[in-house]
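Visitor: just a sequence and a predicted model for now, questions to come.
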Amino acid sequence: MSRIRALLFGLAAVALSACATAQRLDAAGDVHALLISIRDNDQAAFEAHVDRPALKQELQAKLDQRLGKDERLKGIAALLGPSVIDFAGDTLLQPRVFRTVAEHYGYTAQTRIPSQVELAAALKPLPDGRVCAVSKKDGPCLLIFSKEQGVWKLSGFEGDMSMLRIKL
């Protein structure tokens, strides 16, 4: 009886692993398209693979947290309110800005964009159904992707805000 139970657990583990792999492969296609849009500075393709409202909300939370630590900036933040994050969101959520994040991963304009299979290996499934990009196995999540209407979109940024810089 214990052999059958062990076999069933093994089969269940393989089935769950296959689901996670299929999810990562599916997401990797859209992550690849996002990387191409960043490399090529293709705004339309970038927008198709970015959840702008989710990223703006996250930027607002990070900005509020950072400003909350500095008493001098609290008043300015209260005065400017949401207009700051709207400006920041519109300014920072651009392909050229995320090129600096790609460079953090080692992707320059001259670097070959990894294949869908290679990218899938760098994606980690999250318990809530999203996936995240990591720079090394068991490393921290940097970019979070959520599936919306059949497309995996960048919906979260876990990196340091200093990585989001405008290159002139």
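Guide: Perfect, thanks for sending it.
Visitor: any chance you could map the helices in this protein?
Guide: For the chain, applying DSSP state H gives helices covering 2-40, 43-48, 52-68, 71-80, 82-92, 95-104, 116-121.
Visitor: my guess is A122 contacts V134, does it?
Guide: Yes: using CB atoms under 8 Å, A122 is in contact with V134, at 6.0 Å. Using the backbone N, CA and C atoms, a C-beta is placed for each residue, glycine as well.
Visitor: give the contact list for the nearest residue to S146 once chain neighbours are set aside.
Guide: Excluding its sequence neighbours, the residue lying closest to S146 (CB to CB, 6 or more residues apart in numbering) is S155, at 4.1 Å. Contact analysis of S155 by CB atoms under 8 Å, 6 or more residues apart in numbering lists D51, A54, L55, R130, I144, F145, S146, E148.
Visitor: so where's this structure shaky on pLDDT?
Guide: The chain contains residues with pLDDT under 70 at 1-20, 67-68, 72-85, 88-89, 165-168.
Visitor: quick revisit: quick check: the residue nearest to S146 vs K56, distance?
Guide: Applying CB to CB, to the nearest Å, the value for S155 to K56 is 11 Å.
Visitor: wait, what's in contact with the residue nearest the centre of the chain?
Guide: Geometric centre of the chain, nearest residue: L143, 2.3 Å, by CA atoms, centre = their mean. L143 makes contacts with V101, C132, A133, L154, G156, F157, E158, G159, as judged by CB under 8 Å, 6+ apart.
Visitor: quick one: buried ones out of these?
Guide: Those of the contacts of L143 that meet the buried threshold are V101, C132, A133, L154, G156, F157, G159, by 16 or more other CB atoms under 10 Å.
Visitor: which residues touch the last one?
Guide: Residues near G159 by CB under 8 Å, 6+ apart: V101, H104, L142, L143.
Visitor: which phi and psi values does it adopt?
Guide: In terms of degrees, to the nearest 10, the main-chain angles of G159 are phi -80, psi 180.
Visitor: roughly how far does it sit from V97?
Guide: G159 sits 12 Å away from V97, going by CB to CB.
Visitor: separation between F145 and T91?
Guide: F145 is 22 Å from T91, by CB to CB.
Visitor: more neighbours: which of the two?
Guide: Taking neighbours as other CB atoms under 10 Å, F145 and T91 compare with F145 leading, 26 against 11.
Visitor: hey, what's that one bridged with?
Guide: V131, L154 (DSSP bridges).
Visitor: residues contacting it?
Guide: Contact analysis of F145 by CB under 8 Å, 6+ apart lists A27, D30, V31, L123, R130, V131, C132, A133, W152, K153, L154, S155.
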